[in-house]
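**Q** give me coordinates for this.
(one chain, ligands or ions: 1)
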Amino acid sequence: MTSARELAFNILQQLEAGTRHSDSLLHELLEASSLKGPDRALATALTSGVLRQRLQLDFIIAKFYSHDIQKASPAVLNILRLGVWQLLFLDRVPRWAAVNECVRLARRYKGERMSKLTNAVLRKISPETVHLDLWLKDASLSERLSVLHSHPEPLVRRWIGNYGEQRTESMLRYDNEHPLFGIRHNPLKGTNAKGAEGEESGWQESGIPGIRLAADFHLFEPLLRQGLASVQNPTQALAVLLLDPQPDWKVLDLCAAPGGKAAHAAELMGNRGEIIALDRYPQKTLRIQALADTLGISIIEARTGDAREFTPPFQPDAILVDAPCTGTGVLGRRAELRWKTGPEKLRELSGLQEEILRHAAGLLAEGGLLLYSTCSVEPEENQLQVEAFLQQHPAFRIEQATGKVPEPFCLERTPEGGILTLPGARPGFDGGYAVLLRKQGG
Ligand SMILES: C[S@@+](CC[C@H](N)C(=O)[O-])C[C@H]1O[C@@H](n2cnc3c(N)ncnc32)[C@H](O)[C@@H]1O
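**A** Numbers count the residues shown, from 1 in each chain. Next up, the predicted model:
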């Protein structure tokens, strides 16, 4: 029988190929295992803990590993990361259990020599022998924050440059906290947003009508199954509120899966009108339709296609471009994403965003609205993208948020007129950006 640690190890190993997401892999392997409650929770905590803290764990391991850590095999490194994470971040596991299980894993997957080496390294590591402050005393600010909060140093440096030291540190902290979940009440199926388990069980208001926050995802499950609510971070909801979609509109959502914003728009439209929800990937399109069906929404038609060339069968009143992006506003929720961002990815995605925006601009008639949003905090994907768009498309003007978005959030407007939310600026709010543009005559 596979233990929680072995399951986490298998996930970490499979992720090395870079083709899978940890969430879906974890779900798949947990479903196929016979692990029960606490062991499932341990496997989940181990996987996301190691994925998040990887950089700090490697920094610590390198101090105790007698060979070059760069040359260690991924299997050995992942076993050591699992061990060190338990020794330093998990109170409830006895030290001997963490070490012995990792030694056993090393023996099983890499042989006797590696199990001895794993034992030797792990026995030396404890909160008393790890001196991060001392080891980092000569490091630059970005290097120090990078190790302390386990984010890539170039990203930390970029954030310090864009947002200053204090805000950067709070964004880094937020990414390593247990994220709160947003739940959006579905007005099409009832009038009240109360949790199935009652008001006292850990809900809090988000500041956005109809959206609440909770630390425990399981509280949501009965509501989600019945379509009484759906998961949506309040930052994502802000974008849809900014659009303020009206009953009987024809809406085109060009990057729609898994369907959160399209469904929110349909709810605000009272399930009257038409929404084409497009995504490039057929399996993702299926998820949009499934969400719409669960929520009792009949005006969403999910389609598969490329946002750079799709033409809808109607003249849209509004187009949503919730663009594919680096996701640097949601690094706390998507554990391994922080290791996949970089200048090349940013360039590639900014180019794709520009192409999608250009195509969307051509599909709109005079008076039509274009909502552009991302879950990134990089200016190249947000403000700078919009400034460049406005230069190339002089018919477009920024629409003001006043009256559509709750007043406190209007204060977060950027100079060009978008709304930028930084991760953790408010409890439970991910990072993201939204701007509403209207096509005018001429
Ligand atoms: C940020 S997600 C959209 C989230 C969605 N709007 C929601 O609120 O649930 C971006 C989506 O764009 C899709 N995508 C990426 N490139 C695309 C393209 N060229 N055409 C259409 N969709 C694309 C991705 O598959 C992904 O589902």
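**Q** quick one: low-confidence ranges for the stretch 101-250 of the chain?
**A** 191-202 (pLDDT under 70).
**Q** go with 80
**A** Regions of the stretch 101-250 of the chain meeting the criterion pLDDT under 80 cover residues 190-202, 217-220.
**Q** show me which residues of it are close to the ligand?
**A** Gln236 (Cβ under 6 Å from any ligand atom). All C-beta spots, glycine's among them, are computed from the backbone N, C-alpha and C.
**Q** and the residue of the stretch 101-250 of the chain nearest the ligand?
**A** For the stretch 101-250 of the chain and the ligand, the shortest gap (Cβ to the nearest ligand atom) falls at Gln236, measuring 5.7 Å.
**Q** tell me the secondary structure for the residue most central in space within the chain?
**A** Among the residues of the chain, the one closest to the centroid is Val330, at 3.4 Å (Cα atoms, centre = their mean). Recorded secondary structure, Val330: coil (DSSP: H, G, I helix; E, B strand; the rest coil).
**Q** again, but for the one 3 residues further on
**A** Counting by three-state DSSP, the backbone at Arg333 sits in coil.
**Q** that one touches Pro179, doesn't it?
**A** Yes - applying Cβ atoms under 8 Å, one finds Arg333 in contact with Pro179, separated by 5.2 Å.
**Q** the two: who's more crowded?
**A** Relative neighbour count places Pro179 above the other of Arg333 and Pro179, with 21 against 18, counting by other Cβ atoms under 10 Å.
**Q** tell me the strands in the stretch 201-350 of the chain, going along the chain?
**A** Along the stretch 201-350 of the chain, the segments classed as strands by DSSP state E, counting those that start in this stretch run 203-205, 211-214, 229-231, 250-253, 274-279, 300-304, 318-322.
**Q** relative to the ligand, how far out is Gln391?
**A** As judged by Cβ to the nearest ligand atom, to the nearest Å, Gln391 and the ligand stand 23 Å apart.
**Q** returning to what we had before: report how many residues lie close to the residue of the stretch 101-250 of the chain closest to the ligand.
**A** Neighbours around Gln236, by other Cβ under 10 Å: 25.
**Q** and the gap between the closest residue to it other than its chain neighbours and Val377?
**A** Spatial nearest neighbour of Gln236, chain neighbours left out: Gly260 (5.9 Å); criterion: Cβ to Cβ, 6 or more residues apart in numbering. Counting by Cβ to Cβ, to the nearest Å, the separation of Gly260 from Val377 is 19 Å.
**Q** again with Ala75
**A** The value you get for Ala75 to Val377, if Cβ to Cβ is used, is 35 Å.
**Q** try Leu331
**A** According to Cβ to Cβ, Leu331 stands 9 Å off from Val377.
**Q** ok, now which ones touch whichever residue of the stretch 1-150 of the chain sits closest to the ligand?
**A** Nearest to the ligand, among the residues of the stretch 1-150 of the chain, is His21, at 12.0 Å (Cβ to the nearest ligand atom). His21 sits next to 334, 336 when contact means Cβ atoms under 8 Å, 6 or more residues apart in numbering.
**Q** remind me what the helix or strand containing Tyr433 packs against, helices and strands.
**A** Tyr433 belongs to strand 432-439 when assigned by DSSP states H and E. Strand 432-439 makes packing contacts with helix 234-243, strand 369-374, helix 383-392, strand 396-398, strand 419-421 when contacts are defined by 3 or more Cβ pairs under 8 Å, 6 or more residues apart in numbering; DSSP states H and E.
**Q** what angle do that strand and helix 234-243 make?
**A** 10 degrees (axes from the mean of the first three to the mean of the last three Cα atoms, to 10 degrees).
**Q** begin at 192, not 1, for the rest of this chat.
**A** Got it, first residue is 192 now, which makes that one strand 623-630.
**Q** name the strands paired with strand 623-630 and say parallel or antiparallel.
**A** Strand 623-630 pairs in its sheet with strand 560-565 (antiparallel), strand 587-589 (antiparallel), strand 610-612 (antiparallel), by DSSP bridges.
**Q** show residues contacting the second one.
**A** Contacts of strand 587-589 from elsewhere in the structure, counted by Cβ under 8 Å, 6+ apart, are 552, 561, 577, 580-581, 607-609, 626-631.
**Q** 10 Å - rerun?
**A** Counting by Cβ atoms under 10 Å, 6 or more residues apart in numbering, strand 587-589 makes contact with 548, 552, 555, 559-561, 577, 580-581, 604, 607-609, 626-631, all of which sit outside it.
**Q** derive a PyMOL selection command for the buried subset of those residues.
**A** Remark: buried members of the contacts of strand 587-589, expressed as a PyMOL selection using 16 or more other Cβ atoms under 10 Å:
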select buried, resi 548+552+555+559+560+561+577+580+581+604+608+609+626+627+628+629+630
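**Q** neighbours around Ser337, how many?
**A** Neighbour tally, Ser337, other Cβ under 10 Å: 23.
**Q** the one 3 residues further on now?
**A** Residues contacting His340 under the criterion other Cβ under 10 Å number 21.
**Q** and what of the one 5 residues further on?
**A** Taking other Cβ under 10 Å as the criterion, the count of residues near Pro345 is 13.
**Q** excluding residues flanking it in the chain, which one is nearest Gly274?
**A** Sequence neighbours aside, Cys293 is the residue nearest to Gly274 in space, at 3.8 Å (criterion: Cβ to Cβ, 6+ apart).
**Q** element containing the one you found?
**A** Assigned by DSSP H and E, Cys293 falls in helix 286-301.
**Q** and the following helix or strand past that helix, what does it pack onto?
**A** Following helix 286-301 in sequence order, the next helix or strand is helix 303-315 (DSSP H and E). Packing contacts for helix 303-315, counted by 3 or more Cβ pairs under 10 Å, 6 or more residues apart in numbering; DSSP states H and E, involve helix 228-255, helix 265-280, helix 286-301.
**Q** packing partners for the longest one?
**A** I take that to be helix 228-255. Packed next to helix 228-255, using 3+ Cβ pairs under 10 Å, 6+ apart, are helix 195-206, helix 213-223, helix 265-280, helix 303-315, helix 323-326, helix 332-340, helix 344-367.
**Q** for that helix, buried residues please.
**A** Buried, per 16+ other Cβ under 10 Å, within helix 228-255: 230, 233-252, 255.
**Q** same check on the last one?
**A** If you call a residue buried by 16+ other Cβ under 10 Å, then helix 286-301 has these buried ones: 289-290, 292-298, 300-301.
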